[in-house]
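Asks: fold the following.
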Amino acid sequence: MTFHSIKPADLTENIFTLISKDWFLMSAEKEGRVNPMTVAWATAGILWQKPVVMCAVRPERFTREFLDSSDVFSLTVFDNSFRKILGYCGTVSGRDQDKVKEAGLTVAHAGEVPYYEECRMALLCRKLCVTPLKEEDFLGDHVFTEKWYGGENHADGTGGGYHLLYIAEITDILVKES
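Replies: Model (predicted):
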């Protein structure tokens, strides 16, 4: 199968569905190795007159090392037959094993940006800004922050450090031809 390129403005799929129901694999490359992490905490829109995504990544995540060492990353979308693999990539650390190999994924590249041949769509992204969330920046009810931050990080999204927000321009979208 091959992919064709579309502009971000031509994306017809519901971005909220892609993020919350389909999830993304966020992947970056460091020293020739690609590491994926399942992402369901993200948003998309226009910022600085550019189409952007903003993804929340906890500072303790292994993927952070990859994101910080590269100017680019991908957000890939898969069909439902890959749901188990997406769950695996969101609960196992790349520090402990090669998630790409264990998940049976095949890395491809669009220029410098890694993505997966098995995906149905790849958002190719160039980082514009990384900014930390801080406890003092939250307004109102601190019960909210107590649920999501502090202590051990859990698979349900609770616990762990305050996220870093990676804001990136969507430079291209690759869509698999059927």
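
Asks: any weak-confidence spans in this protein?
Replies: In the predicted model, the chain carries pLDDT under 70 at residues 1, 141-144.

Asks: try 80 this time
Replies: Scanning the chain for pLDDT under 80 picks out the ranges 1, 140-147, 151, 153-159, 178.

Asks: strands of that one, residue ranges please.
Replies: Counting by DSSP state E, the chain has these strands, from start to end: 3-6, 24-30, 33-39, 42-47, 50-57, 72-77, 107-110, 113-116, 121-132, 164-176.

Asks: export these to CSV and tack on distance to E152?
Replies: Quick note: C-beta positions are derived from backbone N, CA and C, even for glycine. Output for those, formatted as CSV (distance: least, Cβ to Cβ, whole Å):
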stretch, distance to E152
strand 3-6, 39
strand 24-30, 22
strand 33-39, 18
strand 42-47, 23
strand 50-57, 17
strand 72-77, 26
strand 107-110, 31
strand 113-116, 30
strand 121-132, 20
strand 164-176, 19
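
Asks: would you indicate which residues of the helix ranked longest in the chain are buried?
Replies: The longest helix of the chain (DSSP state H) is helix 83-91. Within helix 83-91, the residues that count as buried by 16 or more other Cβ atoms under 10 Å are 85-86, 88-90.

Asks: and the furthest pair within those?
Replies: Using Cβ to Cβ, the pair of those lying farthest apart is I85 and G90, separated by 9.7 Å.

Asks: nearest residue to the middle of this structure?
Replies: M26 (2.8 Å; Cα atoms, centre = their mean).

Asks: quick check: the gap between it and R95.
Replies: Remark: distance between M26 and R95 (Cβ to Cβ, to the nearest Å) = 16 Å.

Asks: do the same with V130
Replies: Counting by Cβ to Cβ, the separation of V130 from R95 is 21 Å.

Asks: the more surrounded of these two?
Replies: V130 (14 against 9; other Cβ atoms under 10 Å).

Asks: and the gap between that one and T158?
Replies: 23 Å.

Asks: A9 too?
Replies: 36 Å.

Asks: no further questions, thank you.
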